[in-house]
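S.K.: The sequence isn't on hand, but the structure is:
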């Protein structure tokens, strides 16, 4: 068995995670422009067993990815090519759970997006996992 730790301190068992992920047909959009953090977030998604991470740093690419049956989204608010507000609105219109992860202030969010879950950076990985699991609790993982 292969055990490893992310920089966020989350132990992962690569053998069991890979086996569990074969049962999951959910795509999780991760929109984050910090490469190291996006890798950590992908590991958190794998650890939480909520889906297959689909990572991008670009709003325009994320909009294209929305045709891929996204089941959950973890979004930084400001990335290199804009804000993720319109992506969050489009996902919410499809009833896709969204969680913002940002160094910004939730009070600076547009009024219509303030009800979306929000975690401040730097985030405690265990709190992030709990919030992800709460938002995806109704997922049918097939096992």
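M.R.: Cool, the structure landed. Remember, predicted model here, so these are calculated numbers, not experimental data.

S.K.: what sits against residue 74?
M.R.: The contact partners of residue 74, taken as C-beta atoms under 8 Å, 6 or more residues apart in numbering, are 28-32, 41, 45, 98-99, 101, 132. In short, each C-beta sits where N, CA and C put it, glycine included.

S.K.: and which of these is nearest residue 72?
M.R.: Nearest to residue 72, judged by C-beta to C-beta, of these is residue 28 at 4.8 Å.

S.K.: The closest residue to that closest one other than its chain neighbours: neighbour count?
M.R.: Excluding its sequence neighbours, the residue lying closest to residue 28 (C-beta to C-beta, 6 or more residues apart in numbering) is residue 51, at 3.9 Å. Here the count is done by other C-beta atoms under 10 Å, and residue 51 has 22 residues near it.

S.K.: isn't residue 51 right next to residue 27, touching?
M.R.: Yes. The pair residue 51 / residue 27 is scored as a contact, 5.9 Å apart, by C-beta atoms under 8 Å.

S.K.: For the residue nearest to residue 28, report the pLDDT, please.
M.R.: pLDDT recorded at residue 51 is 85.

S.K.: Take the contacts of residue 74 and lay them out in a markdown table including secondary structure.
M.R.: A markdown table is the format used below for the contacts of residue 74 (DSSP: H, G, I helix; E, B strand; the rest coil):
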| residue | secondary structure |
| --- | --- |
| 28 | strand |
| 29 | strand |
| 30 | strand |
| 31 | strand |
| 32 | coil |
| 41 | helix |
| 45 | helix |
| 98 | strand |
| 99 | strand |
| 101 | strand |
| 132 | helix |
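
S.K.: which one of the residues you listed is nearest residue 60?
M.R.: Using C-beta to C-beta, residue 31 is the member of those that lies nearest residue 60, at 10.7 Å.
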